[in-house]
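Quick one, structure for this:
(one chain, ligands or ions: 2)
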Amino acid sequence: MNKRRISWLFLSFVIALMTGSLFLAEVGIPFSWARADVPTRTTPFPASLAPDQVCLTWSGDPATTQTVQWRTAPDVAEGAVEYRVKGRESTESIRVKADRSVIEDPLVVNDPVNHRFSAAMTGLAPATTYAYRVGDPAADRWSDWTEFTTAPADAGPFSFVYLGDAQMGFEEWSGLLRKARDHRPETAFFTVAGDLVNRGNDREDWDGFFQAAGGVFDHCPLVPAVGNHEYTREMNPRLYLELLTLPENGPEGYFPERIYSLRYRDALFVVLDANLPPAKQRPWLEQQLAGTDCTWKFAVFHQPIYSSAPRRDNPKLRKEWGSLFDKYHVDMVFQGHDHAYLRTYPMRAKKPVASPAKGTIYVVSNSGAKHYDQEPRDYTAVGFTNVATYQIIDIETEGGHKLTYRAYDAEGMLRDEVVIEKR
Ligand SMILES: [Fe+2]
Ligand SMILES: [Fe+2]
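Ligands and ions are numbered 1, 2, ... in the order given. Predicted coordinates:
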């Protein structure tokens, strides 16, 4: 190889490296050039023999299944969930053995290895409250009994809570989460639109998140979307995927558990990964929206279609997904990433329209302690910043179909409200 060729090869390598890092910066993923001197860390919440971080998710139908995950210290070799219909204490519980994975982070010096357990309860009766506990059957060491309620199999009223980025300031966030739970204790689930944590591949950050959510997600499922902060460094939301068991009903062979759909009563929820190329998810998204008979259609993902913050815009999302939300009339889109509150007018073909019957309402919100500036835009119906909020969505079915969406601040003060009615 002559000198000139070697120089060209070297130059190409440098350009490829720079382009790669610029791309990562563009999508909001910090790029680390070297990890050789990464400092060690400690977790304030090390695992023990007793199960903790007990968290419900769905990996199947909310009417007939319930998934639960938890962690222990590595001395606990096996895990299981026991469950029975609430109120039938005399009947024998069903026991399901959990899958175990080893979560290793040698940099967390006071707790480098955790065992993570995940178990799916299947064949459940719809609209039924179950009591359950998780633990180590060999040592007969269990969590307290707690409970969850399966979704009714038919159409009918229900409520859910939507939260934007939790990300940092988990102590305050814990208060806001509990406020939301106490405000609507019968909520069917909590959906969080990405950036659950700030450093997605640092386990102690997740320890803080689960500690803050203790006593909430153990009886009310978490329905998450993946944010850019879950992707930190390795372009792979490794811990997000290891810690949470989610539906694998997304695009065939394409990043399972990051893209999925759920049906709850008469509502379809499509969860997308806005970190990945939107065009690749479009055919599956179209299939979901075209194939549903649900009255209500919602989408949840992280980076917003209509941005709230200055100098941010996501035209590709608008082109690839927004056009489908128009075509199939998605009712509301729940997003995060811009760390402020924004509700758009009903939008169609990138323009405000007269009523929700004609367009889609897009919301950005923020549940954590990090706030960004906001720039008013021609699509802004309601916008403000420096306020963490939770959103309660109530769906009623008496005398038609009615959705009431309300945003509240951490004190429970009403900050925004919109109603959508269908005949
Ligand atoms: Fe964020
Ligand atoms: Fe983000």
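
Which residues are in contact with R100?
The contact partners of R100, by C-beta atoms under 8 Å, 6 or more residues apart in numbering, come to A77, E78, G79, H115, R116, F117. Heads up, the C-betas are built off the backbone N, CA and C, glycines and all.

out of those, who's nearest L272?
Nearest to L272 out of those is R116 (C-beta to C-beta; 25.2 Å).

isn't there a helix covering that closest one?
No - using DSSP: H, G, I helix; E, B strand; the rest coil, the assignment for R116 is strand, not a helix.

So it sits against A73, correct?
No - assessed by C-beta atoms under 8 Å, R116 is found out of contact with A73, at 11.4 Å.

Give me the more crowded residue out of these two.
When R116 and A73 are compared for neighbours, R116 comes out ahead with 22 against 15, by other C-beta atoms under 10 Å.

need the residues of this protein near ligand 1, please.
Counting by C-beta under 5 Å from the ion, the residues of the chain close to ligand 1 are D165, Q167, D195.

low-confidence ranges in the chain?
Applying pLDDT under 70 to the chain flags residues 1-37, 233.

Quick test: name the residue nearest the centre of it.
Compute the mean C-alpha point of the chain, and by C-alpha atoms, centre = their mean the closest residue is P224, 1.4 Å away.

Please name the spatially closest residue to that one (chain neighbours excluded).
Nearest residue to P224, sequence neighbours excluded (C-beta to C-beta, 6 or more residues apart in numbering): V192, at 5.0 Å.

And for the residue lying closest to R141 once chain neighbours are set aside, the neighbour number?
What sits nearest to R141 in space, not counting adjacent residues and going by C-beta to C-beta, 6+ apart, is G135, at 5.2 Å. When neighbours are defined as other C-beta under 10 Å, G135 has 25 of them.

G135 should be in a strand, yeah?
Yes - applying three-state DSSP, one finds G135 inside a strand.

can you count the residues close to the nearest residue to R238 once chain neighbours are set aside?
In this structure, R238 finds its nearest non-sequential neighbour in N201, 5.7 Å apart by C-beta to C-beta, 6+ apart. Neighbourhood size, N201 [other C-beta under 10 Å]: 20.

and N201, what does it touch?
N201 neighbours (C-beta under 8 Å, 6+ apart): T232, R233, E234, P237, R238, L239.

if we go to 7 Å?
Residues counted as contacts of N201 (C-beta atoms under 7 Å, 6 or more residues apart in numbering) are T232, R233, E234, R238, L239.

now, which of the residues you listed lie within helices?
R238, L239 (DSSP state H).

top of the contacts of N201 by neighbour count?
Most neighbours among these, by other C-beta under 10 Å: T232, with 24 neighbours.

what separates the residue nearest to R238 from A73, distance-wise?
Distance, N201 to A73, by C-beta to C-beta, to the nearest Å: 21 Å.

before we move on, the earlier item: contacting residues for the residue nearest to P224?
For V192, the contact set (C-beta under 7 Å, 6+ apart) comprises L163, A166, L222, P224.

quick one: the strands in the stretch 201-350 of the chain?
Using DSSP state E, counting those that start in this stretch, the strands of the stretch 201-350 of the chain run over 222-224, 260-264, 267-271, 296-300, 332-335, 341-344, 347-348.

which outside residues touch the first one?
Outside strand 222-224, the residues that touch it by C-beta under 7 Å, 6+ apart are C55, L56, T57, F189, F190, T191, V192, L196, L244, L262, F269.
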